[in-house]
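[1] Turn this into a structure:
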Amino acid sequence: MLDAYNRARAAVQDLPAEVVPMSDSKMIALLIDADNFSSPAWINEAIQTLEMTCGDIAIRRAYGSAEKLKGLADVLRSRVIRPFVNLPLPKNTTDMSLAVDAMELACLTPRPKLIVIASGDLDFVPLVVRLRERGIRVVCVSERSKMAQDAIPAYDQIIYVGEDQVDSPVTGKAAPVPVASIGTTPEKPVENIRAVKVTVPKAVTGKRGPAKKAAQKTTATKAVITPKQILAVLPSVQNGQWLPLGEVAKILHDKRLLAKSATSTKLFRKFPDHFELMPASKPNKVRVIKS
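    This is a model prediction of the structure:
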């Protein structure tokens, strides 16, 4: 009996690793580049969306400098996200730290079924390709202005967060509803309103008046913008230093130099002698040529 047991045990130990069955993992990992994805509201929105569409997030990590992570302390605590502080070294140290941990997770047994990278940086494309080759689905979460256009084809899915998420399912369906209601309200209920003696037409004209004034103000604001005004609100930079286009656009929006419906690329292309965009087709960086 003992000899039979020893022979069976030896046979099991001699089996190759591939024969041992591995249960399908349902684990989801969220890796946040805090140097790029630096808004607490974006992180909250990203986790809520992922939990509704993909499931529970088992691994939650945020990578960045001590200064960036300190600004996210509240959301890291409330969402139970582990912070990973990088040394104060030049750029790309955060990206490298995140990429190393992502490949380490890909080598686990069982490995995650989904890895979510919260960053719009183009530097993560080689990492995304390697994870995909290992059979892991990779999703990107980013604010629209920070998303590198050349990185979009590499991911299985892009989830936009923030105020500019025009393509999200909720915003895409909700947008036509007020337009349809505004178009039909003045036509059908007019007769009923007059019979009941309700002064709805005054309310309609009252709403349309400010809209026209707002449009006139916006047009006037666009007409008087000069390179000097743009440079006045930007951080002090030397000629030739590249700046992220998304951050510059946010500053211009906050200072009311750029309307919400306008794009920063069109604005900078009006002044080719003062500003340069890169890349030319779908730019994500801008620099000052002449101050």
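[2] Which parts of the chain are strands?
    When assigned using DSSP state E, the strands of the chain occupy the ranges 28-33, 59-64, 82-85, 114-118, 137-143, 157-161, 242-244, 275-278, 285-288.
[3] for Val248, what are its contacts?
    The contact partners of Val248, by CB atoms under 8 Å, 6 or more residues apart in numbering, come to Leu234, Ser264, Val286. Just so you know, the C-beta spots here come from the backbone N, C-alpha and C atoms, and that holds for glycine as well.
[4] sorry, back to before: would you mind giving the strands of the chain as a markdown table with mean neighbour count added?
    Listed next are the strands of the chain as a markdown table, based on neighbours: other CB atoms under 10 Å:
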| stretch | mean neighbour count |
| --- | --- |
| strand 28-33 | 25 |
| strand 59-64 | 22 |
| strand 82-85 | 16 |
| strand 114-118 | 25 |
| strand 137-143 | 23 |
| strand 157-161 | 19 |
| strand 242-244 | 15 |
| strand 275-278 | 18 |
| strand 285-288 | 18 |
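[5] so which of those strands comes closest to Thr53?
    strand 157-161 (8.1 Å; CB to CB).
[6] pLDDT (mean, whole number) over that closest one?
    On average, the pLDDT along strand 157-161 is 96.
[7] Would you mind pulling up the elements that it packs against?
    The contact analysis (3 or more CB pairs under 8 Å, 6 or more residues apart in numbering; DSSP states H and E) places strand 157-161 against helix 40-53, strand 137-143.
[8] how much space is there between the spatially closest residue to Pro283 that is not a sequence neighbour and Leu234?
    Nearest residue to Pro283, sequence neighbours excluded (CB to CB, 6 or more residues apart in numbering): Leu277, at 3.7 Å. Counting by CB to CB, to the nearest Å, the gap from Leu277 to Leu234 is 15 Å.
[9] now swap in Phe37 and tell me
    22 Å.
[10] With neighbour numbers in mind, choose between those two.
    Phe37 (26 against 16; other CB atoms under 10 Å).
[11] so who does the nearest residue to that one once chain neighbours are set aside touch?
    Leaving aside its sequence neighbours, Phe37 sits nearest to Ala118 (CB to CB, 6+ apart; 4.3 Å). Shown in contact with Ala118 (CB under 8 Å, 6+ apart): Leu30, Leu31, Ile32, Asp33, Asn36, Phe37, Trp42, Ile43, Ala46, Cys140, Val141, Ser142.
[12] again, 6 Å this time
    Ile32, Phe37, Ala46, Val141 (CB atoms under 6 Å, 6 or more residues apart in numbering).
[13] so what's it bridging to?
    Beta-bridge partners recorded for Ala118 (DSSP bridges): Ile32, Val141.
[14] That one and Leu31, how far apart?
    Taking CB to CB as the measure, Ala118 falls 7 Å from Leu31.
[15] My guess is Ile115 contacts Ala29. True?
    Yes. The pair Ile115 and Ala29 passes the contact test of CB atoms under 6 Å, sitting 4.9 Å apart.
[16] On the pLDDT front, check the closest residue to Asp123 other than its chain neighbours for me.
    In space, and not counting its chain neighbours, Asp123 is closest to Asp95: 4.9 Å by CB to CB, 6+ apart. pLDDT, Asp95: 91.
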